[in-house]
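[1] I'll drop the sequence and a predicted model, then ask my questions.
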Number of protein chains: 2
Amino acid sequence: MHILIVEDELGIVQFLKQGLQEEGYQITTAGDGSKGFELIQNQKFDLILLDWMLPKINGLDLCKAIRVKDQQTPIIFLTAKDTVQETIEGLKAGANDYIKKPFSFEELVERIKVHFRNKKQAANLTLGNITMDLTRHIVLKDKEEIALTQREFELLAYLIENKGKVCNRNQILRDVWEINFEYDTGVIDVFMNAIRKKLNLKIEEDYIKTVRGIGYIAND
Amino acid sequence: MHILIVEDELGIVQFLKQGLQEEGYQITTAGDGSKGFELIQNQKFDLILLDWMLPKINGLDLCKAIRVKDQQTPIIFLTAKDTVQETIEGLKAGANDYIKKPFSFEELVERIKVHFRNKKQAANLTLGNITMDLTRHIVLKDKEEIALTQREFELLAYLIENKGKVCNRNQILRDVWEINFEYDTGVIDVFMNAIRKKLNLKIEEDYIKTVRGIGYIAND
DNA sequence: GAGTTGTCTTAATATTTGCTTAAGATGTTG
DNA sequence: CAACATCTTAAGCAAATATTAAGACAACTC
């Protein structure tokens, strides 16, 4: 996640940059409004932290300018301007949140997280050159879409979720087929076969290996 | 836009209800946490205003309970609890904003608007050569107008809004039909059939695909 | 208020899909 | 090479979905 900080006070910039980097965010900074605008034109950020009082272009105008082209990227004002009127003005200009200085760093982090919360849903699993998109229910191998049936999809997802671990047949029956007693007709083999065929995986030396006497294992 | 207010102090409820109605919102109120929870189970709101100190179920627990099933609906805490720790706790519980009492009504309105901002922009939806104009209630395919009934329209709009995601049958029943319990008579199929017929969509390889065992998915 | 029209829902039937089984082929181990 | 595990294939079957038709209901017309 890439955050842009537009702020001219060096002390605050340093403080924010360090703290947010420790939280695992990638940080880019701009010391004035026009530099900030320039950066935004040329690359995509996941979130923008904006001071109000800035050299060259002030935060409010910058916010409006960003919103002309981009309505999506969350913008958080972070400013000493703390009257209700100013808050309202900031929000009307297109900001998504408005935090008053002095602020608690912890609260800032939580408010940033709020904006990322619903984005994470792009849950996809990978195994070598295979990608599974769980929400879209799609499997790609080298960018080529492969059609799997429901069960095939679930089985493959299960193996990838447990990448690196050997999954024994009973576990698979329990978790994928919801069969909770020992009863193996060989279904798993049939489905493994189908998956390997569709994904063109060789039995030996490929992402999914057979562990004789136990089950199967996926590995990059 | 339909807002739920969960708050026990009658004075505040009245004040908010009246003010927000004047802003053009539809308002429903709940005087305690469990009544709020009940309402949320049975209908869909566009936003929830939540007090922290509530009879029966407190706001924090209610917020968490809502988020178990629903990560989308924006929740705004509106409370006299104003320490940083409490703010953080509220946001961590899944709230999207946290406003401290006493608050400015104008600021509240602006903060509410922030959450609706990106929703309204979906005034017309597109899927391939199909265009839907939500305000005028019109569907075009290649500039030719297609007459859909209310439900057909809603179902199609729902699928396009969730373009790229698989919509399972229960979600569709909940969000389009507002049926909140498992009860499938096959209505969805009938309507899908109608939509496909009217829009002349082939079952295989077209914008709307059937995901066997789950539901349907729209994709350009 | 009876009849008309259009939509929604249910139910019944047709069709398709994919799950499961079983049985023979192939491979592995001691 | 026997015993066992896994692979592969194909056919029957069950479940999910598509399709059609008919009844329920509401809004509108005469």
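    That came through fine. Numbers count the residues shown, from 1 in each chain, chains lettered A, B, ... in the order given.
[2] can you tell me the helix or strand for the closest residue to residue A:72 other than its chain neighbours?
    Using C-beta to C-beta, 6 or more residues apart in numbering or on different chains and skipping the chain neighbours, the partner closest in space to residue A:72 is residue B:118 (7.2 Å). For every residue, glycine as well, the C-beta is placed using N, CA and C. According to DSSP states H and E, residue B:118 maps onto helix B:105-120.
[3] quick one: that helix to chain centroid distance?
    From the chain centre to the centre of helix B:105-120 is a distance of 15 Å (C-alpha atoms, centre = their mean, to the nearest Å).
[4] following it, which helix or strand comes up?
    strand B:124-127.
[5] So is that following strand next to chain A?
    No: Strand B:124-127 does not reach chain A (C-beta under 8 Å from any C-beta of the partner chain); its nearest approach is 14.7 Å.
[6] Direction included, what does the helix or strand just after that strand pair up with?
    Sequence order places strand B:130-133 as the next helix or strand after strand B:124-127, per DSSP H and E. Strand pairing for strand B:130-133, using DSSP bridges, gives strand B:124-127 (antiparallel), strand B:138-141 (antiparallel).
[7] Dump those strands to JSON lines, plus mean neighbour count, mean pLDDT and distance to residue A:202.
    Below are these laid out as JSON lines (neighbours: other C-beta atoms under 10 Å in any protein chain shown; pLDDT from 0 to 100; distance: least, C-beta to C-beta, whole Å):
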{"stretch": "strand B:124-127", "mean neighbour count": "16", "mean pLDDT": "87", "distance to residue A:202": "39"}
{"stretch": "strand B:138-141", "mean neighbour count": "17", "mean pLDDT": "90", "distance to residue A:202": "45"}
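[8] Show me the one of those that comes nearest residue B:32.
    Closest to residue B:32 of the strands paired with strand B:130-133 is strand B:124-127 (C-beta to C-beta; 38.2 Å).
[9] outside of that closest one, which residues touch it?
    B:131-134, B:157, B:159-161, B:163, B:207-208, B:218-220 (C-beta atoms under 8 Å, 6 or more residues apart in numbering or on different chains).
[10] how far is it from where the chain is centred?
    That offset, for strand B:124-127, works out to 18 Å (C-alpha atoms, centre = their mean).
[11] Can you pull the residues of chain A lying near chain B?
    A:71-72, A:84, A:87-88, A:91-92, A:94-97, A:104, A:106-107, A:110-111, A:113-114, A:117-118, A:135-137, A:149-150.
[12] What residues does chain A have near DNA strand D?
    A:169, A:186, A:189-190, A:192-194, A:196-197, A:203, A:210-215 (C-beta under 7 Å from any atom of the strand).
[13] What subset of these is buried?
    A:169, A:192, A:196, A:215 (16 or more other C-beta atoms under 10 Å in any protein chain shown).
[14] Using JSON lines, lay out the residues you listed together with secondary structure.
    Shown next, in JSON lines, are these (DSSP: H, G, I helix; E, B strand; the rest coil):
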{"residue": "A:169", "secondary structure": "helix"}
{"residue": "A:192", "secondary structure": "helix"}
{"residue": "A:196", "secondary structure": "helix"}
{"residue": "A:215", "secondary structure": "strand"}
